[in-house]
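>>> sequence and predicted structure, then a few things I'm wondering about:
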Amino acid sequence: MKARPVNLLGRVYLGLVLVFLYVPILVMAAMSFNSSQFYMLPIDWSFDWYVKLAHNDRLLEAARNSILVALVTTVIASVLGTAASIAFFRYDFRFKKVLQAALFPPIAIPWLITGTAMLLFFFWSGIGRGLHAMILGHVALALPYVIIVVSARIKGFDPDLEAAARSLGASPWQVIRHVTLPYLAPGFIAGALFAFAVSFDQFVISYFLSVPGVSTLPVEIYTAIKKGFTPEINAISTIVIVFSITLLVIVSRFYRFGGDR
Amino acid sequence: MASVTVSHVSKSFGDFQALSDVSIEFADGGFYALLGPSGSGKTTLLRQIAGFSFPDSGEIRIGGEAVESVPVEKRNIGMMFQNYALFPNMSVFDNVAFGLMVRDTPRSEIKARVGEALELVRLSGYDERKPHQLSGGQRQRVALARAIVFRPQVLLLDEPLSALDKALRLGMQVELKRIQREVGITTIFVTHDQEEALTLSDKVGVLKDGKLLQEGTPRELYERPRTAFAATFLGDANLFNGIADDGELALADGTRLRTLEPLARSGRMTCAVRPEKIAIVEDSAQLSSDSNVLEAELEQTIFAGNSLSYLLRHGDTSLRVFAQNRAAADLQPGQRVRLAWCSADTIPVEA
Amino acid sequence: MASVTVSHVSKSFGDFQALSDVSIEFADGGFYALLGPSGSGKTTLLRQIAGFSFPDSGEIRIGGEAVESVPVEKRNIGMMFQNYALFPNMSVFDNVAFGLMVRDTPRSEIKARVGEALELVRLSGYDERKPHQLSGGQRQRVALARAIVFRPQVLLLDEPLSALDKALRLGMQVELKRIQREVGITTIFVTHDQEEALTLSDKVGVLKDGKLLQEGTPRELYERPRTAFAATFLGDANLFNGIADDGELALADGTRLRTLEPLARSGRMTCAVRPEKIAIVEDSAQLSSDSNVLEAELEQTIFAGNSLSYLLRHGDTSLRVFAQNRAAADLQPGQRVRLAWCSADTIPVEA
Amino acid sequence: MAVSDTTTAPIRRHRPSNARSILGLTGPAYLWLVITILLPLAAMFYFSFLSDVPLPGRDWQVTLSNYTAFFQQDFYRTLMLRSLRLGFEVALWCFVIGFPCAYVLAKTIKGRWREALFLMVIIPFWSNALIRVFSWTMVLRGNGILERFLDWLIPGFGSLNLMFTYEAVVIGLVHSYLPYMILTCYISLSTIDDDLIDAARSMGASRLTVLRRIILPLSMPGIVAGAVLIFVPVIGSFMEPRILGGREGTFLGTVIEDQFTSVFNWPLGAALSFILLACVMVIFAVFQPILRRAS
Amino acid sequence: DTIRVLNWQGYGTDEDWSLEKFEKATGNTVEHEYFNSEQEMLTKLRTNPGTYDVVLINSAYTRQAAEEGLIQPLDLADYPHSDGLQPRLAHNPNLEYDGKLYGVAWLWGVTSFAINTGAFDEKPNSIMELWNPEHAGRLGWRDDAVESCQFAALATGQDINDPSDYDVIRERLHALKPQIRTFWNSENEWNQYMSSGEFDLATYWSGSAARSKQNFGLPIEFVVPREGAIAWLDGLSLPTDVPHPEAAKQFIDWMIDPEFYVQWDTEVGAPISANEQAVAQLPDGAFNKQLIAQLKEVENLPFMGPMSDETREKMLEVWQETKTFYQE
Ligand SMILES: Nc1ncnc2c1ncn2[C@@H]1O[C@H](COP(=O)(O)OP(=O)(O)OP(=O)(O)O)[C@@H](O)[C@H]1O
Ligand SMILES: Nc1ncnc2c1ncn2[C@@H]1O[C@H](COP(=O)(O)OP(=O)(O)OP(=O)(O)O)[C@@H](O)[C@H]1O
Ligand SMILES: [Mg+2]
Ligand SMILES: [Mg+2]
């Protein structure tokens, strides 16, 4: 195939968008190496914040919790959300519109209100607070994202593929696992990544639902900015990002989900 | 294996009646060809049998059991879709292996049987390709292999060989027939290839506008079509419209055609004569006494490989005559010729 | 209109060579049939001509202009895809109207011409349907209508009629031919239907494994195939292997076959004889002096509508003989019969 | 692609029932949603009709005043319109920037790179939103990174004065939400068969026509999903507007936040939120037929 | 025991060195939970009974918390260091409800504004400096309804806890429009903006000003205008179902211990302690000592007091309306 100029233009454009997306990330990373606490320019390079971070058990622990909660949330939300989108695609039923409309409140109502409501409700119903409550809340927040994203992908699915699989003797579960899910992969992955992002970056709900001593990174950051915000936070965020990039790039080497071709 | 009984099945899409009151009995282990013009409801019928959608009324039984009570995956049906419905994410091997895999067949057996099936459809060596890397005919063959590899009880084939060249098609036909005989799979297949339908099947059904028009053995259908539609749809036919008179068909110009048995009814009638039954005769001596004879003017000769088609005109009826491409007469357009055929080949049909 | 010149085109997918050094001249206004076994590169060739992908080497010119310099949409090519590629979001009407719409045709003219095209493919009244509400054959016809409605300079048809029943197919063939004649569209079409290829086209090309094997008029190709493959691929052929000796072909059992012209080369040779050229003769009196005669044993008779096929065996060669279904001899399997054919019908071919 | 008519057929007699499958597939997700979000929000909804938070030691009665407040105070409406405009603009920019990007990703990049880039697009998302916003302040502020860069590029460029403006809010929000649009469009675009594009082009459609008539309609599900996931949260957002918008950063979301954080007026805050929600739903209800026709 | 303290983050109770000392002295360890607004603190108290041992409550809210039964009355006799508390603060009416004391006065300070010394030739002494057109687009303002209205009330000579004429207040606030550069919400933001030169002057808290100046070396001066400033008082309280009452009392006592305060203020920077003895022990020239001196000179030093919900909602409405006005 010959390289067409249009393709080249497209690639350059994609590159520019990536630059736009990564500008703040790079700034964040740069500031983690800046000894000035107030992001003063020019940068005074140092590793101070990383050294401090290494001793900050509270922040490290929070990071661990965040990752844990986000992972659990991602798994649960993507599974449940994908199941629901498959149902929306396959069947027509009376309450479908209602169920679809029910996805709006969790995204449309500011998290602050949802968080307050959750706190009250969990208190009242005895669910209480803690990581388990955070997971409950995060999954619920992530579900609409997963459902909406997966539904967008599933629209192009040829139902004959499912029919074919069933005629070949595949049980409903096997149909989903071998035929529907592989097709949905890009949507499923995107949904999962959103779910992870929603949970990992969720501070309001976590904040309301955390118990003392067991907090998450965003909670730490959110409370920190009120008083003692330090670039340690940049440092740990940088570590997380670098780690994710490495991990995901490795994953993408071995697993393809970007579509059929 | 299992017989398939379709009784009084109707199916509509919105206002559109795709099947109306179709009843067919597919014998256990039989090879049944479904014919019908495009849009006549063949695919729709197969889909009802497979259980992908349900008839609005009527019932379908497989091996005596009503299909509705058995989920699709428990029915052991191999269906080949008209658009193939290959799994785009799986390799050719995995596509074909799918039916075995979900049955927990041991790995080694899967390998052997998929290999066999791919060989059967002449695609050995294509195991690792993805469907989008195949040509149209190759995809069709993968779909075929996928449907037969796990030896289902009932095989539903929707135009299984339409994208193949003749040589491959013949090969596949032989294989299909062999498998069906060996394993005794009840096979229902849709085809537009007449020859295929006639040579392969034990029984043929003709659908039109969602109704079953006629069924019978290929020979029955070919030699004794009941309707003008069946006569022209399956094979070619010259139709003569006339009035039944004294057991014979009187055409507008007065020519009288005799039929195998004298016509019982009187009034307007149509008779069909297959083009290959008609000979262009040069001297009347060759004619036997029970021949029908007609004069006609040659309009065009069409070369079609192993045969020639003569298009002729008799009054305002166009006629078509086949001659095997062996020692066919060399005729010029405009020439008047004499046509003759056995009275036994003159079949009265419903218009 | 425009002629299409393909010169020395090669194309690979990874390691796989789909086209190698293909050169064809498609005459302006001609009707060209591309034949070839499944996977031989027909679709790939059409896609290069249309400009969807570019050859690895070689050049394609349309109306004298190298295609690479003209973007696809400026080429005025009507392409019908093997898998139809209908726009799923548009109604049948909009699908067909697309090519006109993008040419800013006035609304009323679009309406008239789409109506015409839909009538031509017998789909009037289906305007408002979406593609997924159509049967396979109906989709194919929409794709056909879509490709021809805007009267392109060059029409590329990839198995345009494969999903249609015979009656429709014949109808469409006539229409296609009419349009092509009237408008003089250079038409290149891929088909697996021999008869279609032979009756419709001015010229036929046979592809195999990405190489152009032979091209010529249908009659040339049919009557004088150059290779055994061409002989068997296009039509049926009985192949006799033997040794050229004294201008004749000597078979293993000593039978000697004469050919149209005495064989020039000596050594191992193959000759092809079309099954319809062979007659089953009862008395030798009928034989003319230049006939080849062979004894064979009947193995099976196959009914195929307008003809019967006899499968026979002579030594270890299987033979096939067609007889028109008119006054065919009633033979029993196992019976020994005598076959005879003109020496002129014995064609020496490359093995 | 054919007939998914299983469900539209009138149910006349016993069929392998779909109800069980529907319940099995949607049940867990919705049970979860109901318990953890919808019920709590229902309680909030109830509060929005009270004069005060129903806690021991407080007087409260049922009232509509929280809702009427919205219509009595002009500034609520001003802010609502401002928020809607913000949501609309951000979604539009995300579409304008993100769609071509998704297209390149889905249609011109092949192989492993595509997966890697797909992931690269979302990773910025995993950094903390607050930190991201702070980073933007670094970039946008006077004599910040952007101005320095432009100054280096074009000496004597001068000042942009972007910080603490409406534009800064839009930039920050577009950055935050762009990945949604890119990914949802990508997953829709990747379902489009390339043959359709070829077919359209062979019929003489210019790239623009192909885009308008084929690609856009077929990727509509993704565009709509992206728009929903952007528009809806943006109109309720408060953090980016507060930090980047400065004096210009007052929107309905920030006002709602104030009701919760600075005065203990949950009922009013909740009422405002539900008015916002109602607005969103009405907008989507109005748009749905248009979108349906487009795709 | 491990006690749980509910407080702002970085507000004295969670200094590591202090907690070490406290643990060494009493054997108790301390965990923290933070809040970001008073309302949130109240919500947390309501929804987590029996969780917290010590809670910091701004005296403006103490009465409300007591009313709702969230905190319990206490006796200053349990706190040996309370004898040093300035009586005016220890028995501040805002800390009392129904005749009983509900909070131990801990810290106080004023809300006023700070200037960037680079932008001023001489230190202003009037609150009207905030409206001075010379500083158009250079003023930092905290986005807080109550505080904003209180500034306006102060500038127009009204009662900060119950202003009588909201129209005047609104007019004052509207007049800020050209002045404001941006709103700030947290001390950290304040520091960032100030250090990057966004502000010439900005409203601020005295304790934070001490930190910004001492710890971070920002070139600022805290201004106490002659019209007065908004004073506030923070108390430490015991929740109703306090799980570890003894340890909690020990901790509160440690918080008003001069030893703790002096170290805190000198090493980190703090508001003014309610403990006079503690303030007295500060080195001369300490920010808080100077501040106290300045505060003696102002005409008016009203304390933020309990406010009716109506007043607070009215203030919010005025402020939101004003912010909307800023958009136009
Ligand atoms: N993307 C691809 N990657 C690898 N191989 C391919 C690809 N596309 C086509 N091929 C191979 O190229 C060969 C020619 O394909 P092509 O589609 O041109 O065949 P065809 O002649 O049209 O066959 P058919 O009659 O079955 O449609 C086939 O063997 C096919 O497997
Ligand atoms: N989902 C649908 N909605 C409306 N009509 C439909 C739908 N599916 C099929 N039809 C119509 O039902 C009729 C029968 O369709 P079917 O697919 O069974 O035809 P077929 O006999 O398989 O034809 P072909 O040989 O062309 O594949 C057709 O006229 C078709 O237009
Ligand atoms: Mg069909
Ligand atoms: Mg092909």
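Here it is on my side, so go on. Ligands and ions are numbered 1, 2, ... in the order given.
>>> around chain A, which positions in the stretch 101-250 of chain B sit nearby?
Taking Cβ under 8 Å from any Cβ of the partner chain as the criterion, the neighbours of chain A within the stretch 101-250 of chain B are B:Met101, B:Val102, B:Arg103, B:Lys130, B:His132, B:Arg146, B:Ala147, B:Phe150. Where you see a C-beta, it was placed from the backbone N, CA and C, and this is true even at glycine.
>>> using the three-state scheme, assign the third one.
Taking DSSP: H, G, I helix; E, B strand; the rest coil as the rule, one finds B:Arg103 in the coil state.
>>> isn't it right up against A:Ala170?
No. With contacts defined as Cβ atoms under 8 Å, B:Arg103 does not count as touching A:Ala170, sitting 9.4 Å away.
>>> quick one: which of the two has more around it?
A:Ala170 (23 against 13; other Cβ atoms under 10 Å in any protein chain shown).
>>> list the residues that contact the more buried one.
When the contact criterion is Cβ atoms under 8 Å, 6 or more residues apart in numbering or on different chains, the partners of A:Ala170 are A:His178, A:Val179, B:Glu73, B:Phe98, B:Val102.
>>> try A:Ile76
By Cβ under 8 Å, 6+ apart, the contact set of A:Ile76 is A:Ile135, A:Val139.
>>> can you pull the buried residues of the helix or strand encompassing it?
Following DSSP states H and E, one finds A:Ile76 within helix A:57-90. Along helix A:57-90, these residues count as buried under the neighbour rule (16 or more other Cβ atoms under 10 Å in any protein chain shown): A:59-63, A:65-67, A:69-70, A:72-74, A:76-90.
>>> pLDDT check: weakest of the contacts of A:Ala170?
By predicted confidence (pLDDT), the lowest-ranked of the contacts of A:Ala170 is B:Glu73, with 79.
>>> would it count as being in a strand?
No. Assessed by three-state DSSP, B:Glu73 does not belong to a strand; its assignment is helix.
>>> got the contact list for it?
For B:Glu73, counting by Cβ under 8 Å, 6+ apart, the contacting residues are A:Arg166, A:Ser167, A:Leu168, A:Gly169, A:Ala170, A:Ser171, A:Pro172, A:Val175, B:Val102.
>>> need the residues that contact the lowest-mean-pLDDT helix or strand in chain A.
Taking mean pLDDT, DSSP states H and E as the measure, the helices and strands of chain A show their lowest mean at helix A:217-226, namely a mean of 74. Contacts made with helix A:217-226 from outside it, assessed by Cβ under 8 Å, 6+ apart, are listed as A:58-59, A:62-63, A:65-66, A:200-203, A:206-207, A:210, A:215, A:229-230, A:233, A:236-237, A:240, D:128, D:130-131, E:8-10, E:34, E:36, E:186-189.
>>> does stretch E:309-322 come close to chain A?
No. Contact of stretch E:309-322 with chain A is not found when judged by Cβ under 8 Å from any Cβ; the minimum separation is 15.3 Å.
>>> and that stretch, what's its mean pLDDT?
Regarding stretch E:309-322, the rounded mean pLDDT is 85.
>>> do that stretch and chain D meet?
Yes. In this structure, stretch E:309-322 sits against chain D according to Cβ under 8 Å from any Cβ; the contacting residues are E:Asp309, E:Arg312, E:Glu313, E:Met315, E:Leu316, E:Glu317, E:Trp319, E:Gln320, E:Glu321.
>>> contact partners for the fourth one?
Right, the one you point to is E:Met315. With contact taken as Cβ under 8 Å, 6+ apart, E:Met315 is in contact with D:Val263, E:Ala145, E:Val146, E:Ser148, E:Cys149.
>>> and the longest helix for chain E?
The longest helix of chain E (DSSP state H) is helix E:309-327.
>>> can you give me the buried ones in that helix?
E:311-327.
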